[in-house]
Each structure stands twice: as structure tokens, then as C-alpha cells.
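Student: Got a predicted structure here, sequence first:
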Amino acid sequence: MKARWSSGLLLASLGLSAPALADDTESLESALSQSVVTTASTQAESASSAPATSSTITAEQLRIYGIRSIDEAIQFLALGVIVSDPLRTPDLGARGVLLPGDDGKHFLLLVDGHSVNDPLYGAARFDQGAGIPIDVIDRIEVIVGPGSVLYGSNAMLGVINVITKLEKDYRGGHVFGEYEWDRSARAGAGAGFHFDLFGERAEITAAVEYFRRFGPDLSFDKQAPVFSGVNGVTPTYRRGGPADGIWGGKVSDAYFAEAPMGSLRLRVADFDISVLASAYRRGIPYTYGLVDVDFDDDQSYELDRALRFDIEHYAAASAFLQLTSRIYADGFDYQRRVNRDALQGCFRSGFSTCQYYTAGRARWAGIEERISLNWLKDSSLVTLVGLDARMRWVSAKEDALNFDTGEPFTSSTGVVDARAGLLSPYLQQTYKPNLWLDLNFGARLDVEERISPIVSPRGALAIRPFELTTLKGVYSQAFRAPTWNETDVGTIRQARAGSLEPEVVRSLEGSIEQRVATQRLMFGVFRTWWENLVEPRTLTGAERGELQSRGELPINAVNVVQYRNVATLNNYGYNASWDGTLARGRLSYGLNATAAFARRESGQGSQLLPAAPNFFGNAHVAYVAGGYAPIPALAVSYMNDRLIDRPYVSGFRSTPTAPPIAELRATLSGRFPGLTGIGYRLSGTYATESHGAYTAGNIPEIISPTTLPTLAPVDQYSVFLGLRYDFATGDGFSEPGGAP
Amino acid sequence: MTLGRHLLLPLAVLVFGACVDTTPIHVEETHKDAGAGTSAECRECIMGEGQPCRSAYDQCLALPDCPEFHQCVLERGCYSPAALEDRLACGQPCIDSIHLTSSHPALPAILALNDCSQRDCRAQCITE
């Protein structure tokens, strides 16, 4: 089910002339079935010649495979990326590297080329928290591997660019709603139309969406902590509950989320203006890592809010010179409210429940100028020169409050109030000297006050020894600047780190792609080296004592972490994919697989990565009969056994692993005959295992030498039904599947 | 560009205005020095022969710095507050005097005395 792009664009990107292909039906069929990506080099090119391993997920695929969020799209349809859900916001990994609790720091998320990761936490969400109404997504381009050469920090595992629809692809009005039994509901509306503005044609696409999760109930094994409790009082682990020292049971209130979001895109003359606004509030169903929370508490939650603004102006001065200018401004804030028994969690006895309230705010604004020099005016020799100048402001704090009154009982900790500029010139040179060779070289320099200047180079070549065969080699490098949260925050649980080195990843990859008519086969190998990986490291008693004696940690701080450059990673492996269509495009399918060997080297020696499978992949198949016939589609994702997320905590009687898991999603979609504009989709998902790789509960308190970890559950069965109504769509608009 | 200017201002206001408040809160510490020291009833409950906290007290006597620390908090009346935070604030000079950290060998005994005074000698010791 490949997107059919204009043949002119494809032919140009392939460097082939139309007459040359007109005689060769197979070549033309093959060319038209290819994906086009723009993210890898900021210009449209076929995936096979792009300077990276990539996959493109189309709006049509989102619809027929029952996809409702970016992480689902990646899990079921993308190449080389793994999705793992800890029931808060999903972790994404690539090529055998997955970092539990990463919050998206190592993937760069773009929306129409606009960077989303914030500088305070480095975070990007890929579920409904991404804040992009799924109805306006035209395609998702997934680039695997380092991508800082054009985009800067965070693009270590890859770049995910969500490209929204133009008016011509979203014309008319659209109303939709979906209900997932006992789990979630989603509703929204959108419109696409054009009008005259100051004598110019203006186009608007806009959509709003509201998502709400209210289930399912989750079951956690009951645990009896070893911890005896403060002042000898048996701990209570649920707000208002008995002091029985028991953690676990059924979560019926704390697994929730709500996410309102809206997008507006206005194109007028050479301007492209977009606004995104979103909020994402989610419950905290279990204690993990640094977050200690009352069990099944519906008043403990995390909240993101974001407002993003972007104006892009494109000016083609001539066939030789194009200038793209962009002004952008983003506001992102984060709040977390975590309730705990006052005595146990806050060492307070005057009231029953205390609340740790974390608030963080990041704002950034900048201007980017990009000049494209098309030296030979035929796109064969193009120089791209860009400069991104950005200013960032961040602030954060943590308060400890009396839950009942909302009054603070101590002064704020973890206070951050900082700003820093960022200047990033970059250069890319592409050269297509003939029909069988593409060259792409570039580098970006990132200069900011908090770290030493860092260069991210990339070099790639694609050779076509035969017309339908492409050999590709890529060297690329990326970095991630440490976030302010990692360097500057100091609380009772986290010691301030001070300066940290940026993480750096280098990657070497090679691939071969063979196309035969509408079939495409790809096999690639990769090798990457990571340095200076920043992780929270638990302080030893001596380290903690030293900080306490210097007054940098309170005396009652016990389990304290500090972010440090602690590890290197090495990984290598292969990617393979096969996709194509048969029966004149009615039957489409795809298969992606990745095998990787990844090890982490640190002071603790050489270790396998937690929660990261060394084999994973997905497959999908759909049949579009046309007309009003329902479209059946099946997508499967798979990952093999892997260590749990905290396998090396001393006390487990053996290094625990999570079993292989497959998720199957079957979807039926289409339009009702006789009901103009009304469509439906019915989808069911089944997971083969009931538990994943994430440990739940406060391990330092709970484990004993004979204890096995409690693993967070996986939602095994779910079904949803959706209806939509498209109206005033005008001529030329048709829903996927060919129904009118 | 006119359109850009028209849109830029309100959106910039929205982006930069509607944010969470991260202004730090300063709370005046209200911990009290007991000053008058520790009541005889509380001292007896903690240190008296056969009293509930005597075993914890004996444990303290056997460890370096612990007796000095205990004497210090008795003199300052730091067993009187109920909240650990208040006790810590009251006992900060004692903490400083023996350079108490969470890895100090006397800490388990000090915590045991604290727990016991909260639990078994609550009626005799806690006055706030």
C-alpha cells in the first residue's frame, strides 16, 4: 500500500528521464511503487537513494491498519524501531538499543520539520501525548540511525518526521469518533478549505481531537516490603488505606489519560504557518525508578502542555537559488503530582498525605535560514547551507505540599532558572554525476554555552550497478546535549550533576536494495558506537555522605541518584525488509525485521541492555477490493525475550527476563453503501503475553534474595469501533479503498 | 510579511504566557528549639532501666559519636517535635558536631532511638 507520488517527482529524484522508463514497464512500475522521503536530506528523494535507512507510513496505512497514534504506527509498520510500553508513555528504541524510561530523549521528533523535543527534559512523546491529531497526518517518515547532521541534538537513534496534510488531501469537513471497550474513547473534527486572502490563494487544514483513556483495570502482584517503616510504623502504600505494608493489587483508578490537541496549518502565497496546541495528563499506575507513588491513586499524575508555532517562507529566486526561512517558537511545560503517605514519603506526621509537585517549563524560539544552490539547475549538484539560531529558557522546581491543604511545608528544591543560546550552521552537498551514483556529504556544527562545540558529520553514497539494484553506504554521527534536568536539578532523590559531556553516537551502515516490479527487498548491516551515555547512577554511601557533609544533600536523603556520563554502548546487527503489492495493487504487504547485538560497557563491566530485544520486527497485509467492499488488514509486531528494565539490582535470585511477545491487530474498514461520506473501522488487538519487561514497585525496599520482580501487565485483548463522516469534500476526494 | 506580523504577536504571547508557574517557594522554617531541654519523663522512658527504649539506648552507647549526639539532642529538646523534619532542624547542630551522614556508623542507632521515642515514648516525649 505504497503512496503513489507524482511520477515527475519520482523520476526527478531518481535522476531518470521519462522516455527512458516509458519503454520499461517494470522500471516504471517499480519507480511508482517507491516511497519518497524528505527528512533524510530535506529534499524529496526515493527511499533507496536517501542517505539513511528509512520507512514511510502513509495516512492510508494509518487508517486501514487501525492505527491511532504514532507509536502504534511505528510498532506495526516501521522498519528498525521498537516500541515498548511501560503504561505511562512508550519507550522507543532502534537497532537493539532501547533505554527504559527514556521519555523520547534519543529520538528527535519533528512535525513538518519542526523540532519537538524540549531542552529541559529532552522529551518527546509518541503516543497521544505527541499532540498531533492523527486525522491530519499525511505520512510519518521514520529515519533510523544518527541524524544530527541536519537536525542537531537528540537525533541519536533516529528522526521521526510527522508530515501533516495539505488542503487538497483534507478538503471538506470531517467528524470522527472511536470507542475502545472499557479502555478509551477518541473524538475529533477537522476541515480543509481554501479561500482568497489579500488576493492570494490561502489554504487551511485544521483539526481538533480529544482522547481519553479510562482503563483497563490492571493487576499487580501484592508485595510486602522488607522496609520496616519510618518510626517503626508499618507503611501504608495507598492513600487513605490501611497501614498493612502491602503494595499491589488491582489498579482501577490510576491508569488513565486525557489528551486534547489541535492543529492549524495555513498556507498562503509562499508562507506555511502552523500552530499546534496540546495537553496530555496521565496517571501513574505504579511506582518506578525515582517515582514513588501511592498505589492506585487517581490524584497522582503527570501533565504536559505544549504550544508550538512555526512560520516558513519559501522563495525560489531562480532555478539556481532557493531560500527557505523559518521562524519558530515553542512553549512546553511539565507537571507531576505524586502523592505519598506523609510519614513514609515525606517524614511528616502532622497530616496524612504529602504531595511532591514537580514543575518544569521550557521555552525556545529561533530562526532558521536555508539556502539551496542548484548549481547545474537540474538537481544533480546541490549545495544546502543553513543556519539555525535558537534561544532557550528553562525553569523548574519541586515543592513538597500538604495534600489536603495544598500548602507547602518546605522551601522548593530542584530549582532551575537558566537560559542559553544555540547557534548551528550546517552544510550539505549532494551530487548525482550520473544515473548510477548519488553522493551526499554534510556536517553540522552546534555551538552552545553549556557544552563544547560539537560537529556532526555524515557521508553517504548510493550506487545503482543495475537499474533496480541499489547499494548504499552511510557514515553518520549524532549527539545529545545533556538536559538541564540532568545537569542542574538537585532534590532529596537526585544530586545535582553539574557539567556533563554530550552523548555521541557514530554509525556505519551498508545496505542492498533490490526492486522487482512492485516488490522491494532490502538488507542492511550496521555498526554503532555510543560514548558518554548519561544515566542516573545510584550514589554509594560514601559518595552520599560526602555530599551531605558539604551540605549539598539533606541528611535524610537515602536512595540518591546523580546523572553521570557512565557508559558506552556498542551494537551491530542487520535490518531486512520486504514490501510490495500484488493483484494490481489490491493486495499489499510488508515485513520488517531487525536483529542486533548490543552491549553496555561501564564500571560494572560489559552487560546486555535492559528491556532491549535482540530481535524484533513486524509484518502487515491488507486487501483493498475497491468500491464498498470492507478492507481487511492484519498487522503483527514481535519482539523476542529480553532482560527486564532493572535486571542488575542485587537481590534477584537470577537475572530475570521477559518472554517473547507478539501483538496482532486485525482491522476491518470501509464505507457504508448508501450512506454517503460515512465510514467505519473495527479493530481488535491481541497480545500473546500478559506481562512485559517493566518492573513495578519500589525495588530497593521490596526485594529480598528470593524475590522475583513484579512485572507491569500488558493489556492482552482490546477492541475498538470507529465511525467517521466526511462531507463537502468536493470533486476528486476519495477515501482510501476507492469508495466514493 | 504583514500576515506574519499579525499572527506572530498573539501566538508568541500564547506560547510564552500560558506556562506553569515555576517560581520557587520559600517556607520560613518554624522548627522550634525546645531550649528547656527534655522532660524527665521522656529521659526516663528512653534511658531508664527496663524502659521501652533502653535497648536502643544501649545500642547507641556502644557506637562512636552516638552518646555525644544523644546528649546533644536531649539538651536541645529535639525529641519533643513529632515531625522528623522538625527534629532534624532542631538537631542540626548535633548533626554538624559529629559530622553525621547517612553512611555514619552511628546512624542506625540514632534512627532506632528516634523511632522508639516516636513510637513507645510518644506520650512522654512529644509535646508538639
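Tutor: Here it is on my side, so go on.
Student: mind listing the helices in the chain by residue range?
Tutor: No chain in the question, so chain A it is. A:7-14, A:18-22, A:25-32, A:59-64, A:70-77, A:148-151, A:342-346, A:484-488, A:541-549, A:699-702 (DSSP state H).
Student: I was after chain B.
Tutor: In chain B, the segments counted as helices under DSSP H are B:2-17, B:40-47, B:54-61, B:66-76, B:84-90, B:92-97, B:107-119, B:122-125.
Student: Off-centre distance for the fifth one?
Tutor: Per CA atoms, centre = their mean, to the nearest Å, the displacement of helix B:84-90 from the mean C-alpha position of its chain is 3 Å.
Student: what packs against that helix?
Tutor: helix B:66-76 (3 or more CB pairs under 8 Å, 6 or more residues apart in numbering or on different chains; DSSP states H and E). C-beta: built from backbone N, CA, C; applies to glycine.
Student: so the helix it packs on versus helix B:40-47, what angle?
Tutor: 160 degrees (axes from the mean of the first three to the mean of the last three CA atoms, to 10 degrees).
Student: residues of helix B:66-76 that come out buried?
Tutor: B:66, B:69-70, B:72-74, B:76 (16 or more other CB atoms under 10 Å in any protein chain shown).
Student: and what of stretch A:253-261?
Tutor: Quick answer for stretch A:253-261 (16+ other CB under 10 Å): A:253-261.
Student: With stretch A:520-530 instead?
Tutor: Applying 16+ other CB under 10 Å to stretch A:520-530 flags A:520, A:522, A:524, A:526, A:528, A:530 as buried.
Student: could I get stretch A:244-263 in CSV with only the CA atoms?
Tutor: Taking C-alpha atoms only, stretch A:244-263 is exported to CSV below (Å, rounded to 0.1, in the frame of the first residue of the first chain):
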residue,chain,number,x,y,z
ASP,A,244,-0.6,-3.0,56.2
GLY,A,245,2.7,-2.7,54.4
ILE,A,246,1.2,-4.2,51.3
TRP,A,247,1.9,-2.8,47.8
GLY,A,248,0.0,-4.1,44.9
GLY,A,249,-3.4,-5.4,43.9
LYS,A,250,-5.8,-4.0,41.3
VAL,A,251,-5.4,-0.6,39.7
SER,A,252,-8.8,0.6,38.7
ASP,A,253,-8.3,4.4,39.0
ALA,A,254,-4.7,5.3,38.3
TYR,A,255,-4.4,4.1,34.7
PHE,A,256,-5.9,7.0,32.9
ALA,A,257,-5.0,9.6,30.3
GLU,A,258,-6.6,12.5,28.6
ALA,A,259,-5.2,14.4,25.7
PRO,A,260,-6.9,17.3,23.9
MET,A,261,-5.0,18.5,20.9
GLY,A,262,-5.4,20.8,17.9
SER,A,263,-3.5,21.7,14.8
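Student: what's the closest non-adjacent residue to the spatially most central residue of chain A?
Tutor: Closest residue to the average C-alpha location of chain A: A:Phe126 at 4.0 Å, with CA atoms, centre = their mean. Nearest residue to A:Phe126, sequence neighbours excluded (CB to CB, 6 or more residues apart in numbering or on different chains): A:Asp71, at 4.1 Å.
Student: what's the answer for B:Val20, then?
Tutor: A:Asp333 (4.1 Å).
Student: any idea of the pLDDT on the one you found?
Tutor: Listed pLDDT for A:Asp333 reads 95.
Student: So what's the residue count around residue 111?
Tutor: No chain in the question, so chain A it is. 21 (other CB atoms under 10 Å in any protein chain shown).
Student: Correction: the question concerned chain B.
Tutor: Neighbours of B:Leu111 using other CB under 10 Å come to 17.
Student: Please apply the same query to A:Ser654.
Tutor: Per other CB under 10 Å, the neighbour tally for A:Ser654 reads 7.
Student: before we move on, what about A:Thr353?
Tutor: Based on other CB under 10 Å, the number of other residues close to A:Thr353 is 22.
Student: Also A:Gly674?
Tutor: A:Gly674: 7 surrounding residues under other CB under 10 Å.
Student: Likewise for A:Asp378?
Tutor: Neighbours of A:Asp378 using other CB under 10 Å come to 12.
Student: What of the one 3 residues further on?
Tutor: Look at A:Leu381: counted by other CB under 10 Å, it has 16 neighbours.
Student: Quickly note the distance from the closest residue to it other than its chain neighbours to A:Phe271.
Tutor: The shortest distance from A:Leu381 to any non-neighbouring residue, by CB to CB, 6+ apart, is to A:Trp375 (4.4 Å). Remark: distance between A:Trp375 and A:Phe271 (CB to CB, to the nearest Å) = 27 Å.
Student: which of the two has more neighbours?
Tutor: A:Phe271 (18 against 13).
Student: Contacts only, for the residue nearest to that one when sequence neighbours are not counted.
Tutor: Spatial nearest neighbour of A:Phe271, chain neighbours left out: A:His313 (5.4 Å); criterion: CB to CB, 6+ apart. Contact analysis of A:His313 by CB atoms under 8 Å, 6 or more residues apart in numbering or on different chains lists A:270-272, A:324-326, B:4.
Student: Turn these into CSV, columns for distance to A:Arg308.
Tutor: What follows is those, written out as CSV (distance: CB to CB, whole Å):
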residue, distance to A:Arg308
A:Asp270, 21
A:Phe271, 17
A:Asp272, 14
A:Thr324, 18
A:Ser325, 18
A:Arg326, 12
B:Gly4, 16
